[in-house]
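Q: Kindly generate the corresponding structure for this input.
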Amino acid sequence: MTRGGTSKDRSSGPERQCIATRENLPMSSMIRFVVGPDAQIVPDVLGKLPGRGIWVSADKAALEKAVSKNLFSRSAKMPVKVPEDLVAEVEAQVTRRLVELISLARKGGGAVAGYEKVKSWLMNEEAEVLIQASDGSERGKSKLSTPHYGSFIGWLTADELGLAFGRQTVIHGALSAGGLTSRVVEEAQRLKAIREVATAGAVRKEKTAK
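A: Have a look, this model is predicted:
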């Protein structure tokens, strides 16, 4: 496991070297940056911008180190400008991407929101992933548990989940297997490391839903 809790499984796809930690990691657990036309570093969360990629682990400490020590200039082999709010911008972009993926899953019938619907999916073993708002009531959240061998996402706020599900706020959500679920989980892991979510608070498999 990396410092941010991301798996170092070499079967996770092509790897790149992080300019901050010097680790070779799967591209799926990293953030790509490129040098813009004005020599400013630009985050490329979707990995589609033209230009040579500069890679940093999706980990808050690694990102902050890359910014504070201006490791981007060394990697780019030229002076570059690094925005002061670069880490915050990366977090915002990854959050936006995660919200978009959950929204697409919902529109495709692969996600539901609301306590009763999520409870039903869990009881009928339709849920692969349990999603709960980080700022939701702990008492209420404790009534639902992560599917056996499934995943838990608990570092989006109720407002952010609301955007994903087309509501004002959402506390409980669930994803079924297949579809976009693996991509949602992958993106959620990047956000988890950037937001420095404690692993102990993110894994809750102590009981089954009733």
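Q: CA atoms for contacts and neighbours, from now on please.
A: Noted.
Q: Glu126: what's it in contact with?
A: 176-177 (CA atoms under 8 Å, 6 or more residues apart in numbering).
Q: Apply 10 Å and report the result again.
A: By CA atoms under 10 Å, 6 or more residues apart in numbering, the contact list for Glu126 reads 110, 118-120, 147, 174-177.
Q: for Leu180, same thing?
A: 101-102, 104-106, 108, 110-111.
Q: Give me the phi and psi for Thr95.
A: Per-residue torsions, Thr95: phi -60, psi -50 (degrees, to the nearest 10).
Q: same deal with Lys81?
A: According to degrees, to the nearest 10, Lys81 has phi -100, psi 130.
Q: measure the closest residue to it other than its chain neighbours to Glu186 for me?
A: Closest residue in space to Lys81, ignoring its immediate chain neighbours: Gln40 at 4.4 Å, by CA to CA, 6 or more residues apart in numbering. Computed as CA to CA, to the nearest Å, the Gln40 to Glu186 distance reads 28 Å.
Q: For the chain, give me the ranges with low pLDDT.
A: Within the chain, the segments meeting pLDDT under 70 span 1-12, 197-210.
Q: hey, where'd the helices end up in it?
A: 60-68, 71-76, 86-107, 115-123, 138-141, 158-165, 181-194, 199-202 (DSSP state H).
Q: How far off centre is the longest one?
A: How far helix 86-107 lies from its chain's middle: 8 Å, per CA atoms, centre = their mean, to the nearest Å.
Q: Now do the buried residues in it.
A: 86-88, 90-91, 93-95, 97-106 (16 or more other CA atoms under 10 Å).
Q: Next, the angle from it to helix 181-194.
A: 160 degrees (axes from the mean of the first three to the mean of the last three CA atoms, to 10 degrees).
Q: Give me the angle between helix 86-107 and helix 60-68.
A: Relative orientation of helix 86-107 versus helix 60-68 (the same axes, to 10 degrees): 130 degrees.
Q: now for helix 86-107, which elements pack on it?
A: strand 30-35, strand 41-44, helix 60-68, strand 111-113, helix 158-165, strand 172-176, helix 181-194 (3 or more CA pairs under 10 Å, 6 or more residues apart in numbering; DSSP states H and E).
Q: if we compare the ones you listed, which one ends up closest to Ile54?
A: In terms of CA to CA, the element of the helices and strands packed on helix 86-107 nearest to Ile54 is strand 30-35, at 4.9 Å.
Q: Just the residues contacting that closest one, thanks.
A: So strand 30-35 is contacted by 6, 15-18, 24, 40-59, 63, 72-73, 76, 78, 80-82, 90, 94, 190 (CA under 10 Å, 6+ apart).
Q: quick one: buried residues of that strand?
A: Across strand 30-35, burial judged by 16+ other CA under 10 Å covers 30-35.
Q: hmm, back to that, isn't the residue nearest to Lys81 right up against Asn70?
A: No. At 11.8 Å, Gln40 does not count as touching Asn70 under the criterion of CA atoms under 10 Å.
Q: middle-most residue in the chain, spatially?
A: Ala188 (2.5 Å; CA atoms, centre = their mean).
Q: distance of that one from Asp159?
A: For Ala188, the distance to Asp159 equals 16 Å [CA to CA].
Q: cool, and Trp55?
A: Going from Trp55 to Asp159 by CA to CA gives 30 Å.
Q: More neighbours: which of the two?
A: Per other CA atoms under 10 Å, whichever of Trp55 and Asp159 has more neighbours is Trp55, with 27 against 16.
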